[in-house]
Each structure stands twice: as C-alpha cells, then as structure tokens.
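Novice: coords please:
(chains A and B)
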Amino acid sequence: MADLTDHTQSTVFVDELFDELLEFPSSLREEMLVHRCDDPSLQDEVRALLRAADALPAPVLRDDTPKEGDRIAHYRLEKALGRGASGSVWTAFDTKLQSWTALKVFHGSWLRQGQTLDAVMREARAASQIISDHVVLIRNVGWDRARGWQYLEMLLCAEYVPNEDGEEHLVVGTTLHEADGLGFRESVRLVEEACRGADAAHRVGVLHRDIKPSNILVMPKSRRALVADFGLSTPQVRPSTNEVSGTETSVYLGEEGRLIVGTPCFMSPEQARGEPVTRTADVYSLGATLYAKLVGAPPYLSDVRERPSARDVLGWVRAAPPKPLREVAPEVPRRLASIVERAMNRDPSRRYPSAEAFADDLSAWRTHHPTSLDRRRPWLSVSLLARRHPAPVVTGAILGTMVIAAVYAVWMLAGMRQDLELDVAMLEDRRQEAEYLAKQSEASAVDATQRMTAAQALAVGAKARELAATTDAQAAREEVVRVLAWAEWETERAVEALEDARGAQRDLEAQLASRELSLIRAQSDLTGAADTSRQFEQQLALERLERAAAEERMIAAQLRHAEAEALIGELEERLITLEEPSTSPVE
Amino acid sequence: MADALQEVYDDLRRTARRMLRNEPYNHTLESCELVHRAWERLLKGSREEEVRLDPRGVVALAVTHMRRELIDHARKRRANKRPDAKIRVTLDDAVYFAQRAPDTLLAVDTLLEQLAEGKMTRIRHAARRAEVARYALYGGLTEAEISIMLDIPKSTIGRDIRFVRAWLMTRLEEGQGDG
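Specialist: Numbers count the residues shown, from 1 in each chain, chains lettered A, B, ... in the order given. Next up is the predicted model:
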C-alpha cells in the first residue's frame, strides 16, 4: 500500500515539470531536472521542450522603441527624459488619476527571456520596500498587453515652479551629472543626501551597484537629491559565473559611447573584478560621484584626452587607484579630500562601513563639526566650535583658555603652536573655499552676460518678426520672456554665490579679529612667547594679504554682476516697448 | 430570437475580424465570406445546439466552425511541403498559417488533435491544454477570454499556451528530422 502511494506521488509529468522549471533561471534548470526525475527519456523530452521555449520569441515583447504620444496601459507617453541600456524613461500622463508620472519602458531586446522579466519584478519589489525621501520610489510595475511593453512607474522627480507671470509650471529635475558649477558645499550636500537614500536601500537589503552622477536626480525647486534606477541595472551586471565578468559588463554597457565611459569609472575595484559586492561598493561609488563633482571629471578621466573604451577603464580600476583628489584639484579643502579618499579606499574594510557614516562625515564637514577623521585633533574641535558660534561668549572662553595657556609657559606653547598650525590649515581651507566661490560667481556673472547677449539677439529677431506679422510677435515675445527668465535665474544664482562668498569673507574677518585679540593678550602677558607672536603676525599678514586679494576678486565679480543687472533692466525696457505695439493689434 | 441570433452573428464576425486583422493584403478569405459560410453551417447543422443560446456554447461552436473553414482553406492551398518548424508558433494567427503555411497549420491541427485525445500519457493536462490552444489558434481569443470561456485562472491559460507552443515546436522539428 505504502509502495503504491509512493509511486503515485513520484509520478512526474512532462508538462508539469516543464511549467515548474520555466519559473527558474536557465542556469538552475538542469540541476533541478536531474533532481526531480531519473528517467533519461523523460529528462530529454523536458530538455527539448525547455530549449524550444527559450528559442521561441517571447510573445509579449517588442523590439521597437516607444514614441511620444504612445499609450501604454493607462498612461500616455509625453516626453523622453533619457535612454539607457535597458530602456527609456518618460514623463507620462496617468489617464486614470489624471496626473503626471514617470514611466520607465524596457526594451524588448533587453528583456528577452521570461526569467529576466521575473528578475525585474523581483528587483522592483525589493526597491519598492525602500522608505526614503532621497530615493526615486517605484509605484507600479506591469506590462501593456496590446503593445507588448514592460514598464515601471516611478515617482516623477518634478516640482511646480512659478514663472514670471506667477503661473505654476511643472519642471522636471535634472541629473547631478548635468548640474554644473555647484560649489563644494552644494556638491557635498547633494551627495550627502544621495548617501541617505542609498543607506535607506541598504537597510532593506537592496544594493544599487550603479551609483553615478547621472543616476542622481536633483529637484528643480527644493534642490533635494534623489537616487534613481534602484537595482534595475543589476540583473546583467551581477556576476553570475565564477569568471571575470568583463564581457557581461560590456554587454550591459551597450553600444553607446557615453554609457561606456560612464559606469566603470564609478565602479569599486571589487565590482570591476566581478567579485561579490556589499554596501561598501555603493559607498565607493558615492565617493567617486563626489570626486567627479569636485574635480569636474570622473575618476581616472581627469587628464584623458580621448574617450577610452570601457574595457580600458575597467582595467585601470582593477589595477590602481585614481589620481589623488588634491593632485587633480588642489583647490579642494584638505579635510574634504580626506573624507572622499576614505570613501574610495581600495580596501572595502577601510572605507566607511555604511553610506550613513559617509553622509555623517560630509554633514559634519559642511556644518563645521569635527569629522570622524578629525577626532584626534582636539584643538581643531575647539576652533570648529568657535566657527559655529562666533558669539563673544565663546570667543571669551577661547581667550580664557589662552590666558591659562600663558600660565603654563613654554611646553604648553609648543603644543599650542602645533594646534595653531592645524588651525591655520583650517583657515586655509576656508580661504580656498572663498576663493573658489568668488571664481564661481565670476563665472556665473560672465555666463549671465552671455545669456543676456543671446537674449538681446533674440529680442532683435523678435522685433523683426513683429514688423512682419503681429501674430509672430506674440510668439517672439513669449520666447524673449522665457529667455529673460533664464537669464534672471542665472543672475539670481550669481547673487547667491556672491552672498556665499560674502559670508565666507565675514567669517574670515571675525576669525582674524579674534586671532588679533588673542595675539595682543599673549604678547602683553608672555614675553617668552615673542617667537610665537612673530609667527602669529606673519600668519596674520599672510592671511590679510590673501583676504585683500579675495576682496579684489569679489569687487570685480560684483561689478560684473551690476553690469549684468543693468543689461537685464535695459532688456526689460526693450521688452516693454516690444509688448506695447504687439498687444494692441492682437486685442 | 432574431435579436439573439444577430448578436451571435456579430460575435462571430468580431472574432473573424480579429483573426484577419493582421493580414491586410492579399486576402483570399474575406472576413464576411468566412462568417457567412460559418453561419450557414451553424444554421444548417446543429440548430438545437445553438438554440440553447449559452454564449459560451455558441462561441465554442463558432470556433469549431472557424476551425473547419480554415482547415478547408488550408487543404485547398496545400503545397505538399513539409511543415516548417521555423515559423513562430504564435497560436493566435491561424489565418496567417492557412494562407502562408497551410502544411504547417494542418500539421499543427493534427498534433493538437493527438493531444486532445489524451494519448500522451506523460502529459497530465493534455486535453485541457489542447482545448486552450484551439481557442487561441482558431478563435483568436485572448488569455482573459479563454479564462472566461473555460472558467480556468488566467495564469493557467498562459502556462498552457506556453507549454503547447514549445511542445508543437519540438514535434514539428521531429517531423522535419524524420523526413
């Protein structure tokens, strides 16, 4: 009896086994097949069926690419935001909710097999577990039966921004890759937010594996950073065999040159070797992203003239670290550079253990707190504290410390000198930053002038068109208004940069003042400290000189800014004159 | 009564149109002609059957007639070539087969009949899978529609179609190997 039951239970049917095995990746099927039945002829039959199923083109997938206006399920595609190896991303209109959303449509050629579809589903499910303000969240996944497209609905990274007339316009965010001239502080803030997003993903066990500036989106108004494309590029990048996954990676990178240089530069050495990766690989990529924003070029590509192949870059990543940050960009503050270096350490165990730890250090640097790398420099902590709270109480406290230091005479002085050296290094960081900001504002002022000229040219063109036809003039006017809005936005940014620079300047002045005070006290109280005082004085003189230089640059930038503003005024007047004749005939 | 019959007629025509939609040029079968002939057979033949007017039963009957028309058509056009296994077995385009690869359609039909007879002892749900495949092939019905017709979950229909496609593929290849 028992025998009979066993027999019926172990009866294996070809169709049922086929159904079951098709749910698994092809690499696992053979092993499972042998495990599930021991009849060789039955095995052969199932094998033939599986082979046939793989050879048959999947009925639901199309190789063509979607176009503007195409309908997918209940969405209507509006505008392509970008195209990648796996698919294209669109702004889309949800006809059910009557609202805007973002849709990623996968290429049929990329999703060839049923198991890859399953993989996307699995990854989408994992990614939808992430809870974070700094991640582009997955809302829905599905496929359009009629068109045969697989899609993924994501949070649309867009915000309503008022234009000149006060009307709210939906503006889609740009990638960090596209954002230029951010300044160190802004770059650090954006990457810090991306770290928070990545950390939220790590907490639910999702690795990104492809963090790079073009996968980080920046909101147009709130300037929030969001990590996009979670786990979606992974199914093919993930090393599935023991071999070095060089070929897989290049397949994934596709034929487009931009992608080829894009990704390997931001890859950790272990990922480039095809070894299993942990969250510290994402930490490396985040570090590489910040490196790229500080230097202006991705790691390994700072001094390369021609675009190297992905294979070459992969080779470099495997072989050696990129050039030290401060060697490529000496203007980057030293403490910031050492934070990036720790994130990009070639030894995963010596990197920040989590994206959160990296974010915390970036945040500390940004807000003048001691970072985890500064912990063994107590004087620096005190001076950072003074920078955060420049109120007289704190300054008094520091002066008090100086008096006590005077009582403790020479050995104490020696230690103090060391600390002061560190402090001077800190001041230098600040000075470099102020200089950089001044340069930035100068650049944006030049940029604004250029845009102004372009707008003027447009205005002249509009004038000509207006003479030709009044209806055309209306369109021309709108165009000029748009360009003007741009120019003004640019100018605003220039003003912001100037404000920043001014703030830095004020900080420097306060520092100098307090330093002078302490110097006077030290001189009167301590004749033995003459040497040190002289050093102080020298340092001060140097700093003053540098400050004067920075100020000069500031004035130049301000002049340019004023010029730009004058131009805007002029242009606006022209616009008004342009509007007057154009509006009356239209009405 | 007349209204009910008109409804059935429309149903049939819609099904036929769906079948022919993918073939805009070089018609030798006009959709209306096909429907008329199928309808004639329906009326002349089993009047009692369709008078019961169970929509599912009528659609099933219509699909049976469609199949007969298409097989007849394929026989007339038969080129006496070996069935071509390289043609995608799509199971939703019998009209295409009937015109472009009549021998493949006849071979597929024979194979489906064998499957339906349940002689394949190693295939557990052979009869059901063959029926599902026939609705897809001759009726041009979607998975959702077949799911309603047979009262079987949609996912099962999808698996059935996937299996039958692969199975037909291996059988057609075998036939080629023999020749």
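
Novice: quick one: the closest residue to A:A504 other than its chain neighbours from A:V340, how far?
Specialist: Nearest non-adjacent residue to A:A504, counting by Cβ to Cβ, 6 or more residues apart in numbering or on different chains: A:A434, 3.9 Å away. Yep, even glycine has a C-beta here, placed from its N, CA and C like the rest. Computed as Cβ to Cβ, to the nearest Å, the A:A434 to A:V340 distance reads 20 Å.

Novice: and the longest helix for chain B?
Specialist: helix B:154-178 (DSSP state H).

Novice: elements contacting that helix?
Specialist: Packing partners of helix B:154-178 (3 or more Cβ pairs under 8 Å, 6 or more residues apart in numbering or on different chains; DSSP states H and E): helix A:14-22, helix A:40-55, helix B:102-117, helix B:126-139, helix B:143-150.

Novice: would you put the C-alpha positions of the fourth one in PDB?
Specialist: Extracted C-alpha coordinates of helix B:126-139, given in PDB (Å, rounded to 0.1, in the frame of the first residue of the first chain):
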ATOM      1  CA  ALA B 126      -3.200  17.200 -22.300                       C
ATOM      2  CA  ALA B 127      -6.800  17.600 -23.200                       C
ATOM      3  CA  ARG B 128      -7.200  20.900 -21.400                       C
ATOM      4  CA  ARG B 129      -4.100  22.300 -22.900                       C
ATOM      5  CA  ALA B 130      -5.200  21.300 -26.400                       C
ATOM      6  CA  GLU B 131      -8.600  22.900 -25.900                       C
ATOM      7  CA  VAL B 132      -7.000  26.200 -24.700                       C
ATOM      8  CA  ALA B 133      -4.600  26.100 -27.700                       C
ATOM      9  CA  ARG B 134      -7.600  25.700 -30.100                       C
ATOM     10  CA  TYR B 135      -9.400  28.600 -28.700                       C
ATOM     11  CA  ALA B 136      -6.300  30.700 -29.000                       C
ATOM     12  CA  LEU B 137      -5.500  29.500 -32.500                       C
ATOM     13  CA  TYR B 138      -8.800  29.300 -34.200                       C
ATOM     14  CA  GLY B 139     -10.900  31.700 -32.100                       C
END
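
Novice: the more surrounded of A:A434 and A:V340?
Specialist: A:V340 (27 against 24; other Cβ atoms under 10 Å in any protein chain shown).

Novice: what's near enough to touch the more buried one?
Specialist: Contacts for A:V340 (Cβ atoms under 8 Å, 6 or more residues apart in numbering or on different chains) come out as A:G287, A:L290, A:Y291, A:L294, A:L325.

Novice: hang on, isn't the fourth one packed against A:P333?
Specialist: Going back to what we said before, that points to A:L294. No. The pair A:L294 / A:P333 is not scored as a contact, 9.5 Å apart, by Cβ atoms under 8 Å.

Novice: joint contacts of these two?
Specialist: The contact sets of A:L294 and A:P333 overlap at A:F184 (Cβ under 8 Å, 6+ apart).

Novice: what's the burial count for the residue lying closest to A:E479 once chain neighbours are set aside?
Specialist: Distance criterion Cβ to Cβ, 6+ apart; nearest residue to A:E479, sequence neighbours excluded, is A:L458 at 6.2 Å. A:L458: 17 surrounding residues under other Cβ under 10 Å.

Novice: and A:L458, what element?
Specialist: Assigned by DSSP states H and E, A:L458 belongs to helix A:409-468.

Novice: what helices or strands is the next helix-or-strand element following that helix leaning on?
Specialist: Remark: after helix A:409-468, the chain's next helix or strand is helix A:470-525, criterion DSSP H and E. Applying 3+ Cβ pairs under 8 Å, 6+ apart, one finds that helix A:470-525 contacts helix A:378-388, helix A:392-407, helix A:409-468, helix A:530-586.
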